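*Asks:* Got a predicted model here, sequence first, then my questions.
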Amino acid sequence: LERWLERLGSDWFVAATGQLCFHVQPIADLRTGVVYGYEALVRAQGERGLIGAGALLQAASAQGQSRAFDALARREAIRQVYPQLGPGQVLFINFAPGVVYNPDVCLQTTFQACREVGADFSRLLFEVTESEAFPDLALLRRILERYRAEGAQVALDDLGAGHTALTYLAELRPDLVKLDRGLVRSLCA
């Protein structure tokens, strides 16, 4: 009953997936202050205004569309945001590892979107989101290796929060780690 009510409460989801847009968050080099790249943050235009990532992800789950939505968001981030990057800047793209059951199959549409816009894979950085537990580290390692095989970089997002543990750091050897703000909030300069 709860699942059915969630579906009814997210009847707007299908229309919203046709209206995806992205806010971009600058990622700066702390030493120089120069913007290194931008993180693509998914949103959708709804009847009552902008719909945030949390509501979109929750609705995707309620509709049984988590895999399709994650893939769509990755493709659209590449199509919409990559062409706006400055020379040498990197596009940070979030992905939920639990939706990629076979990296050789599931990531093909992502790589196709890259080819469509002429993306330099070395200027893409795929971030493992902290939103879910992911106990199958061997599969996660295969996913990250597949991204790297195309020339992209990989990152762990919000290390120290949610389900992202230090174990992931040792096992996955990411190119970049983004620390959870809770770990650095009370540090002094």
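*Replies:* Received, thanks. Numbers count the residues shown, from 1 in each chain.

*Asks:* tell me the mean pLDDT for stretch 145-159?
*Replies:* Stretch 145-159 shows a mean pLDDT of 87.

*Asks:* what does stretch 125-136 give?
*Replies:* The average of the pLDDT scores along stretch 125-136 is 74.

*Asks:* again with stretch 96-111
*Replies:* Here the average pLDDT along stretch 96-111 is 85.

*Asks:* how close does residue 28 get to residue 34?
*Replies:* 7 Å (Cβ to Cβ, to the nearest Å). C-beta here means a position set from N, CA and C on the backbone, and glycine is covered the same way.

*Asks:* actually residue 50, not the one I typed
*Replies:* From residue 50 over to residue 34 (counting by Cβ to Cβ), the distance is 29 Å.

*Asks:* From the chain's centroid, how far away is the lengthiest strand in the chain?
*Replies:* Selection of the longest strand in the chain by residue count, based on DSSP state E, yields strand 35-46. Centre-to-centre, strand 35-46 and its host chain are 10 Å apart (Cα atoms, centre = their mean, to the nearest Å).

*Asks:* in its sheet, what does it sit against?
*Replies:* strand 20-28 (antiparallel), strand 49-51 (antiparallel), strand 90-95 (parallel) (DSSP bridges).

*Asks:* In TSV: the ones you listed, plus mean neighbour count and distance to residue 38.
*Replies:* Shown next, in TSV, are these (neighbours: other Cβ atoms under 10 Å; distance: least, Cβ to Cβ, whole Å):
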stretch	mean neighbour count	distance to residue 38
strand 20-28	15	4
strand 49-51	13	18
strand 90-95	23	6
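
*Asks:* Turn the ones you listed into JSON lines, including distance to residue 140.
*Replies:* Supplementary listing: these in JSON lines, determined by distance: least, Cβ to Cβ, whole Å:
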{"stretch": "strand 20-28", "distance to residue 140": "22"}
{"stretch": "strand 49-51", "distance to residue 140": "28"}
{"stretch": "strand 90-95", "distance to residue 140": "11"}
